[in-house]
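> Build me a structure from this.
(chains A, B, C and D)
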2 protein chains.
Amino acid sequence: MEFKAPKKKIQTMADLAREAGVSASTASRALRNSPLISKETIERVQSVAKEHSYRPHLGARNLRLKKNNVIVLVLPFNYAEEEVLGNPYIFKIIGTIGSKLREIGYDLLLSQMDGISEQIDDRYVHAGIAEGAIILGRGDNDPSKLERLVETGIPFVILGPILDNQTYCSVGIDNRASASMAVHHLAKLGRKRIAIVSDNREDPNAESYARFQGYKQALEELGLAYDQNLVGTSTDSGQSGYAAVQQLLCTAPDLDAIFVATSDVVAISVMQALRNAGKKLPEDVAIVGFDNIDLCNFVSPALTSISQRLKDKVASLLVEKLLDQINGKPAESVMLNGTLVVRRSCGSQTDYPLRV
Amino acid sequence: MEFKAPKKKIQTMADLAREAGVSASTASRALRNSPLISKETIERVQSVAKEHSYRPHLGARNLRLKKNNVIVLVLPFNYAEEEVLGNPYIFKIIGTIGSKLREIGYDLLLSQMDGISEQIDDRYVHAGIAEGAIILGRGDNDPSKLERLVETGIPFVILGPILDNQTYCSVGIDNRASASMAVHHLAKLGRKRIAIVSDNREDPNAESYARFQGYKQALEELGLAYDQNLVGTSTDSGQSGYAAVQQLLCTAPDLDAIFVATSDVVAISVMQALRNAGKKLPEDVAIVGFDNIDLCNFVSPALTSISQRLKDKVASLLVEKLLDQINGKPAESVMLNGTLVVRRSCGSQTDYPLRV
DNA sequence: CATGCCTGTGCAATCGATTGCATTGCGCAT
DNA sequence: ATGCGCAATGCAATCGATTGCACAGGCATG
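Predicted coordinates for the structure are as follows:
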């Protein structure tokens, strides 16, 4: 509350105006280079402002203009908990979204929420704190919550798959096609007993469901039989890869490839578990992960993974679509294709070489 | 701008007051359970408010109260760039800080900045957007910038080491002591040729400098000679571990341990590089990293690392110290001790066992 | 000389919630 | 019956920037 002012306290527009010998309205216009004001006045006001390093109070401006240039970024899961591990991916997206928003003069409010819908409305948008929301994934939320959020008229976009009949805008990758691609690749290497590790949600709206469908679809296209014994279960935590491997080696000891549909972090623990069990990678078992995090390059063997082209594309699209809505334009959902980045866990010889 | 109101539009305090048959001031007091207002009126106003799901406009309230319940979290490096990789650690801290702030009714604004000082002041605090700042590390910033920030009177805390004569509050771990601990542990395993990989900043204020000092101090205490050939250089990126190993194997082919002072991610790539060079881990070379990220458990061999007890301690302290300042209390810097988490990269046999 | 127009500037209202002070009405004591 | 005090409520100012409208002065034109 108590600042030591440099000389005289120029805190408000009125102070500034007094110092420059004009009215507050003139000062305001002068700072914004209004054509209504004479050049001399503009220069004088601006130089006084600079001298006293005056900054307009944005809270007051926002109130008057009914604007605020803030969007809220919602993490539906609790990232303070252990599951953080799963997502260098999300972190990158957050950073990129932040940069994009800054470019266009918006600030980013970070929020962790469980019950998505009402809170965004009550606490941020209707409260005049933010103009819209970017939601990073549906988390465990019932899709109906998002439909209710639509009814409030709040602009928002969500990162995630497109559901049937959804009336809002989402940006996501085509999980089904990406998963299929992974399996096709493994088959091309000659693998016949291709397992999947997935978190196996029943929910047809979950990403893992789409990935699982892609797995089955690929098997069918390849003429391979779907075998329940080749299906392993994991959560999002690194440790859960161990359990999945333990299970799979029991039900299908002859497996020769695993598509870890959950995430790269789980895939890394899967590889570790396989090694502990005496398997040679990639000779005995080939692995494909999901997300293409940077660490894929630095584990042994380097991990083949599906890249979601996150950095530019996803973040820009989220921001762009949200702004369209804020500006009253309709925004349609987008589905991106993943790409497969092949590394040595699939027999590629392209690991970083070390010349000694 | 154009919402479809449920029935009548109750957007402002005045609307609500009209609907409840009272004045705006009474309505305002009623919502806040003022003892000045009769019980019946309070109930009536609150029920009307609930019925129309009225929410006060926080921007207006903040303007009036000269408050805003927002703090800005500053990432001094650009996390949108590749270096993100280095820090699952930072991400966890952000999540935990967010939770702590929410508990006490504060929101968190995320900001990426290069020139720290002026921007925080101009854009956020003096502009009435935020009440204070938590700065996650000094980045490449000149310490004088922070001293200038002190002069503005803005409440802030910084995550990082305590510098000599610094007049603001910082929370950090004792890098020197932690590094020393790592080296002592390696020596206890019988290693004699202990190398260090560090980003080797000249800057005596850098964390890496303190860690390097700890390394030298430990060698001295142990009666081991400091050897320039045992010093490798890395940046923060995973890839840089490869170069460091290449260099070290050339200058000191007889090394039997490496303390990777940069980060665990670099340590993981160091291990990978060593393996590619035909070294057996941990038999030929023992490794200790820094940060104790979750992945330490899931690489092979599991990585021994220094834990910064980040989740609770660091985040709470940052928040607590900042709030003290906002409330006018002085806040003193704190230095925490790291702890060494021993895993198999140092010969421990405590990796996750797999029972098949 | 009077009217009109244009350039610059200031007044006052506005955004929405809060709060010091004034006001009303009622009960109780003198 | 008059006055005092207290409980409830409303009025109006406030936070700080913005903007529609009114107004002053200068110059040119009929």
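> could you measure residue A:57 against DNA strand D, distance?
3 Å (Cβ to the nearest atom of the strand, to the nearest Å). Where you see a C-beta, it was placed from the backbone N, CA and C, and this is true even at glycine.
> Quick check: nearest residue in space to that residue, chain neighbours excluded?
Counting by Cβ to Cβ, 6 or more residues apart in numbering or on different chains, the nearest residue to residue A:57 once its immediate chain neighbours are dropped is residue B:128, at 4.5 Å.
> For that neighbour, the count of nearby residues, please.
22 (other Cβ atoms under 10 Å in any protein chain shown).
> Quick check, residue A:195 in contact with residue A:259.
Yes: with contact defined as Cβ atoms under 8 Å, residue A:195 and residue A:259 form a contacting pair (7.1 Å).
> May I have the secondary structure class of the residue nearest to residue A:57?
State at residue B:128, reduced to three classes by DSSP: H, G, I helix; E, B strand; the rest coil: coil.
> Contact partners for it?
Counting by Cβ atoms under 8 Å, 6 or more residues apart in numbering or on different chains, residue B:128 touches A:57, A:58, A:59, A:60, B:62, B:63, B:66, B:68.
> State the pLDDT value of it.
pLDDT, residue B:128: 85.
> for it, phi and psi?
phi 80, psi 20 (degrees, to the nearest 10).
> Ok, residue A:159 next?
Torsion angles, degrees, to the nearest 10, at residue A:159: phi -90, psi 120.
> Count the neighbours of it for me.
For residue A:159, using other Cβ under 10 Å, the count is 24.
> what's stretch A:220-231 in contact with?
A:180, A:183-184, A:187, A:192-196, A:198, A:200, A:216, A:219, A:248, A:251-252, A:255.
> quick one: the strands in chain A?
A:70-75, A:107-112, A:132-135, A:156-159, A:169-173, A:194-198, A:231-233, A:257-260, A:286-291, A:304-307, A:334-336, A:339-341 (DSSP state E).
> mind checking how far the fourth one is from the chain centre?
Strand A:156-159 sits 10 Å away from the centroid of its parent chain (Cα atoms, centre = their mean, to the nearest Å).
> For DNA strand D, see how far away residue A:229 is.
67 Å.
> tell me the pLDDT at that residue?
95.
> now do residue A:162
Looking at residue A:162, its pLDDT reads 85.
> which residues sit in contact with it?
A:170, A:172, A:333, A:335.
> Go ahead and build a PyMOL selection from the buried members of those residues.
Buried members of the contacts of residue A:162, identified by 16 or more other Cβ atoms under 10 Å in any protein chain shown, are gathered into one PyMOL selection as follows:
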select buried, chain A and resi 170+172+333
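> pLDDT-wise, what's the bottom of the contacts of residue A:162?
Minimum pLDDT for those is recorded at residue A:172 (85).
> That residue against residue A:166, yeah?
No: if you go by Cβ under 8 Å, residue A:172 and residue A:166 don't touch, sitting 11.2 Å apart.
> Quick check: neighbours shared by the two?
By Cβ under 8 Å, 6+ apart, residue A:172 and residue A:166 have these common neighbours: residue A:333.
> Can you name the residues of chain A that neighbour DNA strand C?
With Cβ under 7 Å from any atom of the strand as the criterion, chain A meets DNA strand C at residues A:21-26, A:29, A:36-38, A:40-41, A:60, A:63-64, A:66, A:128.
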